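S.K.: I'd like to go over a predicted model; first the sequence, then the structure.
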Amino acid sequence: MIDPASRRIALATGLTYHLLDWPAADGVAADAPPFVLVHGFTDLARGWDDVARELVAHGRVIAPDLRGHGDSDWIGAGGYYHFFDYVVDLDEVITRTAGARPIVLVGHSMGGSICGYWAGMRPDRVRALVLIEGLGPPDASGNGLPLRTASWSDAWRAARGRVRTMPSLDAAAARLRAHDPLLDEAVARRLAGHGTRVVDGGLAWKHDPLHATMGPYPYRLDVAEQFWRRVACPVLCIDGEQSRMNLADDERARRRAVFARCSHAVVPGAGHAVPRHAPAEVARLIAEHAATSPAG
């Protein structure tokens, strides 16, 4: 089993990112495209462990902790986690780790939205794109901006002081399973170990509590579609059969149709956290999609 290197890279934004870097297994062609795996909301790079260890048979694997998650830096005083900040960070992470080589880009949930934007921003840099439950939330571009901004302002004042402690690793693992009943107990404990930090009173999650606030800018489908239309590579959308955090079937199909070349797979027995519930199947689908996506 190949273990990842743990790396830290300073970005032009002033933040330092942590990432995991798994070398390709022996015998993999030197020109094989690297896989870049982007986690979802309040998750971390270690959430890809089991998928990455399958994918190294096909190439190098890179998984960053997004800003304010895992072991990457939190934003400083007065800053906020606006969505396109993640896209700019990813742009530099990919350039610094993969250079100008075309990559296989994989995103789960929020990470899928980030990857969809980046693939449209840099269409010549992506050989294959995989979006796992990653076609975005419902469109929210209505007329609710004044109330949304007021809620954001109110939430900001409380966010930094909202550190919810857990007494033990077992309690943290139990909380993960309470939110995700399909999560294996051993996996939950391992993720709890990677995803918590020691604080007064016990353990707290590593992600910045500011993520618990709803930002001022709503999700706009018309904006996402501008990026999706520019994606030149083949796209694979993966859904969990038992997901409760997904769009209606007809809306997902409508969004998939925006991409020039898009296929779809459903993983039986998996919920929203498909990479945690069925890592071997997810890795198989990714590798197969990458292998059938033409270079250049």
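M.R.: Received the coordinates, thanks. These numbers come from a predicted model, not from an experiment.

S.K.: quick one: low-confidence parts of the stretch 101-250 of the chain?
M.R.: Within the stretch 101-250 of the chain, the stretches with pLDDT under 70 are 160-161.

S.K.: where exactly do the helices run in it?
M.R.: 110-121, 145-159, 169-179, 185-195, 221-228, 249-256 (DSSP state H, counting those that start in this stretch).

S.K.: Report the buried residues of the second one.
M.R.: It refers to helix 145-159. Neighbour-count burial for helix 145-159, counted by 16 or more other C-beta atoms under 10 Å, picks out Arg148, Trp152, Ala159. From N, CA and C alone the C-beta is placed, and that goes for glycine too.

S.K.: Make CSV out of the helices of the stretch 101-250 of the chain and add distance to Pro234.
M.R.: Output for the helices of the stretch 101-250 of the chain, formatted as CSV (distance: least, C-beta to C-beta, whole Å):
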stretch, distance to Pro234
helix 110-121, 11
helix 145-159, 36
helix 169-179, 33
helix 185-195, 30
helix 221-228, 13
helix 249-256, 12
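
S.K.: most neighbours per residue, which of those?
M.R.: Most buried of the helices of the stretch 101-250 of the chain, by mean neighbour count (mean count of other C-beta atoms under 10 Å): helix 110-121, with a mean of 24.

S.K.: which strands and helices sit next to it?
M.R.: In this structure, helix 110-121 makes packing contacts with strand 35-38, helix 83-98, strand 103-108, strand 126-132, helix 221-228, judged by 3 or more C-beta pairs under 8 Å, 6 or more residues apart in numbering; DSSP states H and E.

S.K.: okay, these in a markdown table with distance to Arg252 next?
M.R.: Below are the helices and strands packed on helix 110-121 laid out as a markdown table (distance: least, C-beta to C-beta, whole Å):
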| stretch | distance to Arg252 |
| --- | --- |
| strand 35-38 | 20 |
| helix 83-98 | 20 |
| strand 103-108 | 15 |
| strand 126-132 | 10 |
| helix 221-228 | 12 |
